[in-house]
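**Q** What follows is a predicted protein model with its sequence.
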Amino acid sequence: MKYYPESAENVHIVVAAGSGSRYGADMPKQFCDLWGRPLLMTTLERLHSSAHDARIIVVLSADMVEGWREMCAEYGFTLPHDIVTGGPSRAHSVKNAVDTLCPETVGWVTVHDAARPMVTGDMMRRLLAALDDSHPGVIPVVSVTDSIRQILPDGSSVSVDRSIYRAVQTPQLFDGHALIEAYRQEIMPSFTDDASVMEAAGYTSLALVDGDTSNIKVTNPGDIARIELNGPAA
Ligand SMILES: Nc1ccn([C@@H]2O[C@H](COP(=O)(O)OP(=O)(O)OP(=O)(O)O)[C@@H](O)[C@H]2O)c(=O)n1
Ligand SMILES: C[C@](O)(CO)[C@H](O)COP(=O)(O)O
């Protein structure tokens, strides 16, 4: 576990500026109903419960800011959070939030998908325990349970050894100074998560910890129904 002075500001960045095109609802999936209210509220509450000594920044698309404020009023959602507007890709959205952080006071920072409402306190404890001076970032991963095939340039495919791959989740945890520096670089299409941004900036010694198979990213139709089937929010 990395030591930060008590005055350091820890931050949760929750990216919620996507359009949810694969989910295909009439509004972005993070605002769709989960257990009777917008899914984003469960994500924020569970993240806050998992590590409450952190300021929350929610990244929203500009056209959803007013609507989100109205939802908070309608559902009596009072968990304090700041709002930053998003960009054209996930990485741009994260960057917009990271750019608001104060390098002088920042402590640790998590970056989490709004579309993953099932983060747990156990997972957060594993992340925080693994952040240290040798590991400026910690990434939750799970084993791949499907067989994997690589598609070759000619369109044919070959099976690959799935035991050498891991599927990556969020929240991902970073030393705030390192994350701020990493997000100073130009955003590339290959940046599908924040670990890839850190690596491209030279921070290659990232620690992996066990994620949680219930921590799914709502992506395709039916994913919210599957979460609800697995039981109420704990
Ligand atoms: N420009 C973007 C794109 C994505 N995200 C957020 O990044 C997370 C992971 O992205 P993804 O699951 O791909 O969400 P969408 O981009 O909304 O989905 P799709 O690709 O199906 O349109 C989501 O919480 C999403 O809201 C974001 O903040 N800004
Ligand atoms: C960040 C992420 O959730 C890690 O698995 C994933 O890379 C997001 O990908 P998406 O295509 O933006 O959903």
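**A** Received, thanks. Ligands and ions are numbered 1, 2, ... in the order given.
**Q** quick one: low-confidence parts of the protein?
**A** 231-234 (pLDDT under 70).
**Q** Contact residues of this structure facing ligand 1?
**A** 15-23, 28, 30, 59, 86-90, 93, 113-115, 217, 219 (C-beta under 6 Å from any ligand atom). Quick note: C-beta positions are derived from backbone N, CA and C, even for glycine.
**Q** buried subset of those residues?
**A** 15-18, 20, 23, 28, 30, 59, 86-87, 89-90, 93, 113-115, 217 (16 or more other C-beta atoms under 10 Å).
**Q** Just the ones of those residues in helices?
**A** Arg90, Ser93 (DSSP state H).
**Q** Okay, strands next: where are they in this structure?
**A** 9-16, 33-34, 37-38, 55-60, 82-85, 106-113, 137-143, 148-151, 157-160, 166-168, 172-175, 207-210 (DSSP state E).
**Q** Turn these into TSV, columns for distance to Arg125.
**A** Below are the strands of the chain laid out as TSV (distance: least, C-beta to C-beta, whole Å):
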stretch	distance to Arg125
strand 9-16	14
strand 33-34	24
strand 37-38	27
strand 55-60	19
strand 82-85	25
strand 106-113	13
strand 137-143	11
strand 148-151	30
strand 157-160	33
strand 166-168	19
strand 172-175	11
strand 207-210	10
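**Q** ok, and which of those strands has the densest surroundings?
**A** strand 172-175 (a mean of 28; mean count of other C-beta atoms under 10 Å).
**Q** and it, does that touch ligand 2?
**A** No: Strand 172-175 lies apart from ligand 2 when judged by C-beta under 6 Å from any ligand atom; the minimum separation is 7.5 Å.
**Q** Against Asp161, how distant is the spatially most central residue of the chain?
**A** Nearest to the geometric centre of the chain sits His112, at 1.8 Å (C-alpha atoms, centre = their mean). Using C-beta to C-beta, to the nearest Å, we find His112 at a distance of 30 Å from Asp161.
**Q** Which single residue of the chain ends up nearest ligand 1?
**A** For the chain, the residue closest to ligand 1 is Gly18, as judged by C-beta to the nearest ligand atom, at 2.1 Å.
**Q** Just want the phi and psi numbers for that residue.
**A** phi -80, psi 170 (degrees, to the nearest 10).
**Q** was I right about it contacting Pro28?
**A** Yes: judged on C-beta atoms under 8 Å, Gly18 makes contact with Pro28 at a distance of 6.1 Å.
**Q** which residues do those two both contact?
**A** Both Gly18 and Pro28 are contacted by Ser61, under the criterion C-beta atoms under 8 Å, 6 or more residues apart in numbering.
**Q** returning to that earlier point: give me the subset of the buried ones among the residues of the chain next to ligand 1 touching ligand 2.
**A** Restricting these to those near ligand 2 by C-beta under 6 Å from any ligand atom leaves Arg90, Asp113, Lys217.
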